[in-house]
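S.K.: test case, fold it:
(2 chains)
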Amino acid sequence: MKLTRRELLKYSAAMAAASAIGMELPLPKGLLAKETADKWVKSVCRYCGAGCGVYVGVSKGKVVAVKGDKDNWNRGFLCVKGYYLPQILYAEDRAKYPLIKRKRKFERISWNEAMDIIVSKFSESISKYGVDSVAFYGSGQAYTEESYFMNKLFKGGLGTNNIDGNPRLCMASAAVGYVTSFGKDEPMGCYDDIYHADCFFIIGSNMAEAHPVIFNLINERKKKNPSVKVIVADPRKTLTARIADLHMSFVPGTDLAILNAMAHVIIKENLYNKDFVEQHVVFKTLKDDKPAKVSFEEYVKFIEEYTPEMAEAVSHCPKEYIIETARLFAKSKATMSLWCMGLNQRTRGVWVNNLVHNLHLLTGQICRPGATPFSLTGQPNACGGIRDVGLLSHLLPYGRLIINEKDREEMEKFWGVPKGRINSKPGPTAVDIFRKFSKGEIKCLWVACTNPGQSLPNLEVYRRGMANEDTFLVVSEAYHPTRTSELADLVLPAALWIEKDGTYGQSERRYQYLEKAVNPPFEARPDFEVFVEFGKKLFKALGREDEAKKLFNYKTTEDIWKEIMEASRGTAYDFTGMTRERLKKAHGIQWPCPDVSHPGTLRRYTVKYGDPLVKKFDPQAKDISFYGNKADGNKAVIWLRPYKGPAEPADKEYPFVLTTGRQLEHWHTGTMTLKVTELKRAAYKAQLEISLKDAVKLGIKNKDMVKVTSRRGSIVLEAKVVDVPREGVVYTVFHYPDKLINILTNDAYDTLSKQPEYKIAAVKIEKV
Amino acid sequence: MKIASFVIEAIDSSGEELKKFLSNIEGISIYGEKDNSYVVVFECESLNNVESFFKEISKNELVKAVLPVYISEL
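M.R.: So this is what the prediction gives:
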């Protein structure tokens, strides 16, 4: 029995409320074939970076059900997407066989033939044009073992940094924000902080839809403790904002002024924590584009101009709200900030991340239960598999940097490759890889487990580049066609989720092992197996067979996991205690975890709350030490970051700001969730949210068709006249492959993180 | 059509009475109860109806607290 859309929505609503009071709701008939499972395999949800623990029900070699893992952090709760996971495996459009495009049509070929073609294309390109003529574009959805291997192959094996991943589009600003403020990437806090916080400052995140299970922990906390305050800063009155005690709506892109104004109030009202600042903080600014230390007094002088009145004038957020939020933030027993793409996908993404960290450092709301800045993650392995592994063009594994000679030498020695093998120049980042591919500077590109043909900003330009017949595009995908695989020269069918095994690392530094539960369909294969085969064959073609035997001597993912653990040894990430055996039994372990008897670490940078590495890196530390930032005496940095607006503000010609995001029922480019009948029934089309005031001005009624035009292209969408966006702001989602919203978005990127400004594009609206 | 969910906590010992009261409101479905708190889904025409319901139920003498959790559109 299938649920109707109405029943599904009602159940989703009830489930959200039930989880807010820690109640398990019985599943309705038709949602799951729970009773038919022969065995349950411990795993992790395939979707977002929350990393909910699940059990996968298997019967007769087929996944028939999914239920939440009560022993994991999510306590058995899942969002509606999680319950329907089985259907993603059995979609009709699963990629079944390797395909080659000949005369613009795909033809089935064998795996051997496919691998020979790829190896031949890549090796010929390397021989003719050098190693920088090939590139790999990976994913925060791939397993850690897969990403680590390709990183090693490209950087350590080939000596090119032409390798980047889609977390560049979602998490790069958060990563660089952590590094610039604290010396090392990744949050110091964890989900457990939600149980201790008295004030939640949610900015640039619609958690209620994008991270519903984490959001429901906040709901639960508020329900049990009515004095707990929830403040939501968002230009839209989102589902998240609707439960807020205070909703700060503002003009998109002006939050830097608001955050600086909050710091202004905190200092003016003497609400900052003098002892904490003295002991644990240095102040820095940019002088001639280089970081330079300044005094606290200089910071105070800098912040002087950011009065609440000034911030209100810029942002249109009432000054009373700014003052009230600053007071609540500083005075609360424990304040937790949470943010996501609203801050990250910006040309000032790193700066605005720094400004959130500044508030925590100024007030000492950090490194104790409930007090922490916590960046939410969009993909299930963006943290563990890309940021930590170093599959970004400027990184090496576990906090090491391409530009740092010592780090390069360390990895060269570890990988057993000659000194100087790793290129000292960071490679092109996501947008630039596709820019170079469009220009033919990169001849061969391998895209795995991601959908840039739908997800890149200023999309049309890069789609044309991907379709270029003079270059060679390989796409490894679980589905075909997608908006990327349709552009490929060669498509490889990939095993999906629990059709293979590997490790995920989610937002709170929790690593979890996913066991293989069922076989992949048709001729689909695990990417890890394909990558290793490619590495060996490529090196053979390049006449480096002996080197390949030493470099790529892996038979299983466990073989490479052992090497990965060793790569973390002695670093600030140290998880040498996370053996595969332990991960199989545990419901996730959080790093640092430096030995097999260590239980994992909830909170970093504090002796009191159990970080085992503080004393190793900073033996004199009594409690808090930001040991990732040795150069500044193990202190964190408060940055002087001035207000700068977006790359493309609204103007006379393009008077609206378009912002994009997600909805509860779907995930990213919809390749998976749009295969789920019930989810598709619940939400099936992109609409343009427009405020009533704007709609009246333009003579637009609900469900009218409107043409949305940016400087990069146009899309026709159905109008949805609602009170959600503020006046002058329009909103839509990017899930639907029939409406390529990213044709409209801006590919201008943050100069530090290289993350594009998806969140703000100037558009005009016309009724059609 | 809007679909909204709430957790509604009853004043001590008035849980059953509150449940009866809620059951008589058009568009209300009760999905469960835990520790005197009810999981309630409200179907109605507009956001104004949701807000009115929230305000009214918050003032009800049987109700200790109301937590709006979710809202969506059919």
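S.K.: next one: phi and psi at A:Ala650?
M.R.: phi -60, psi 150 (degrees, to the nearest 10).
S.K.: what about it, neighbour count?
M.R.: Applying other CB atoms under 10 Å in any protein chain shown, we find 21 residues neighbouring A:Ala650. Any C-beta I mention is one placed from the backbone N, CA and C, and that applies to glycine too.
S.K.: what does A:Glu653 give?
M.R.: So A:Glu653, with other CB under 10 Å, has 9 neighbours.
S.K.: what's the answer for A:Ile21, then?
M.R.: Per other CB under 10 Å, the neighbour tally for A:Ile21 reads 23.
S.K.: A:Leu271 too?
M.R.: Count around A:Leu271 with other CB under 10 Å applied: 15.
S.K.: same question for A:Thr36.
M.R.: A:Thr36 has 13 nearby residues by other CB under 10 Å.
S.K.: pretty sure it contacts A:Val64?
M.R.: Yes - shown here, A:Thr36 and A:Val64 form a contact pair, counting by CB atoms under 8 Å, at 5.1 Å.
S.K.: what touches both of the two?
M.R.: A:Gly57 (CB atoms under 8 Å, 6 or more residues apart in numbering or on different chains).
S.K.: distance of A:Thr347 relative to chain B?
M.R.: 32 Å (CB to the nearest CB, to the nearest Å).
S.K.: wait, A:Asn381
M.R.: The spacing between A:Asn381 and chain B, counted by CB to the nearest CB, is 28 Å.
S.K.: buried set for stretch A:312-320?
M.R.: Residues of stretch A:312-320 classed as buried: A:Glu312, A:Val314, A:Ser315, A:Cys317, A:Lys319 (neighbour count, 16 or more other CB atoms under 10 Å in any protein chain shown).
S.K.: name the nearest residue to the second one, ignoring sequence neighbours.
M.R.: Among residues not flanking A:Val314 along the chain, A:Ala257 sits closest, at 4.4 Å (CB to CB, 6 or more residues apart in numbering or on different chains).
S.K.: hang on, the earlier thing: so which of the buried residues of stretch A:312-320 sit within helices?
M.R.: A:Glu312, A:Val314, A:Ser315, A:Lys319 (DSSP state H).
S.K.: and the furthest pair within the residues you listed?
M.R.: Farthest-apart pair in those is A:Val314 and A:Lys319; separation 11.0 Å (CB to CB).
S.K.: ok, the buried residues of stretch A:312-320 vs chain B, which is closest?
M.R.: Among the buried residues of stretch A:312-320, A:Cys317 lies closest to chain B (CB to the nearest CB), at 22.1 Å.
S.K.: contact partners for the closest one?
M.R.: The contact partners of A:Cys317, by CB under 8 Å, 6+ apart, come to A:Ala233, A:Met248, A:Ser249, A:Phe250, A:Thr254, A:Ile258, A:Ala311.
S.K.: farthest-separated two in the residues you listed?
M.R.: Within the contacts of A:Cys317, two members stand farthest from each other by CB to CB: A:Ser249 and A:Ala311, at 13.2 Å.
S.K.: which one of the two has more residues nearby?
M.R.: Higher neighbour count among A:Ser249 and A:Ala311: A:Ala311, with 29 against 20, using other CB under 10 Å.
S.K.: got a list of contacts for the helix or strand where A:Leu658 lies?
M.R.: Using DSSP states H and E, A:Leu658 sits within strand A:656-661. By CB under 8 Å, 6+ apart, the residues outside strand A:656-661 that reach it are A:206, A:209-210, A:235-236, A:251-253, A:341, A:649-650, A:694, A:708, A:710, A:725, A:728-734, A:741-742, A:744-745, A:758-765.
S.K.: distance between it and the chain's centre?
M.R.: Averaging C-alpha positions (CA atoms, centre = their mean, to the nearest Å) puts strand A:656-661 19 Å from its chain's average.
S.K.: that strand: what's the following helix or strand?
M.R.: Later in the chain than strand A:656-661, the nearest helix or strand by DSSP H and E is helix A:677-682.
S.K.: what is the rounded mean pLDDT of that following helix?
M.R.: Helix A:677-682 shows an average pLDDT of 84 in the prediction.
S.K.: after it, which helix or strand is next?
M.R.: Per DSSP H and E, the first helix or strand lying C-terminal to helix A:677-682 is strand A:687-691.
S.K.: how far does that following strand sit from its chain's centre?
M.R.: 26 Å.
S.K.: quick one: mean pLDDT over it.
M.R.: For strand A:687-691, the mean pLDDT works out to 96.
S.K.: show me what that strand is packed against.
M.R.: strand A:705-710, strand A:713-722, strand A:729-733 (3 or more CB pairs under 8 Å, 6 or more residues apart in numbering or on different chains; DSSP states H and E).
S.K.: so what strands line up beside the second one?
M.R.: Taking DSSP bridges as the criterion, strand A:713-722 forms sheet pairs with strand A:687-691 (parallel), strand A:705-710 (antiparallel).
S.K.: taking their axis directions, the last one and strand A:729-733 sit at what angle?
M.R.: Spelled out, that is strand A:705-710. 100 degrees (axes from the mean of the first three to the mean of the last three CA atoms, to 10 degrees).
S.K.: which residues touch strand A:705-710?
M.R.: With CB under 8 Å, 6+ apart as the criterion, strand A:705-710 contacts A:654, A:658, A:688, A:690, A:700, A:714-719, A:730, A:732, A:743-746, A:761-768.
S.K.: cool, stretch A:77-86 as well?
M.R.: A:8, A:11-12, A:15, A:19, A:24, A:27, A:31-32, A:45-47, A:52, A:54, A:56-57, A:63-68, A:212-213, A:216, A:497, A:664-667, A:673, A:676, A:678-679, A:682.
S.K.: please redo it, this time with the cut-off set to 6 Å
M.R.: A:12, A:19, A:31, A:45, A:47, A:52, A:63, A:66, A:68, A:212-213, A:673, A:676 (CB atoms under 6 Å, 6 or more residues apart in numbering or on different chains).
S.K.: stretch A:213-220 too?
M.R.: A:19-20, A:22, A:50, A:52, A:74, A:77, A:79, A:194, A:200, A:207-208, B:69.
S.K.: ok, now with 8 Å
M.R.: With CB under 8 Å, 6+ apart as the test, stretch A:213-220 has contacts from A:16, A:19-22, A:50, A:52, A:74, A:77-79, A:82, A:191, A:194-195, A:200, A:202, A:207-208, A:230, A:240, A:243, A:338, A:376, B:7, B:67, B:69.
S.K.: run the chain-centre distance for it.
M.R.: 19 Å.
S.K.: now do that stretch, average pLDDT.
M.R.: Taken as a whole, stretch A:213-220 has a mean pLDDT of 89.
S.K.: ranking the strands paired with strand A:713-722 by burial, who's on top?
M.R.: Of all the strands paired with strand A:713-722, strand A:687-691 has the most neighbours on average by mean count of other CB atoms under 10 Å in any protein chain shown, namely a mean of 25.
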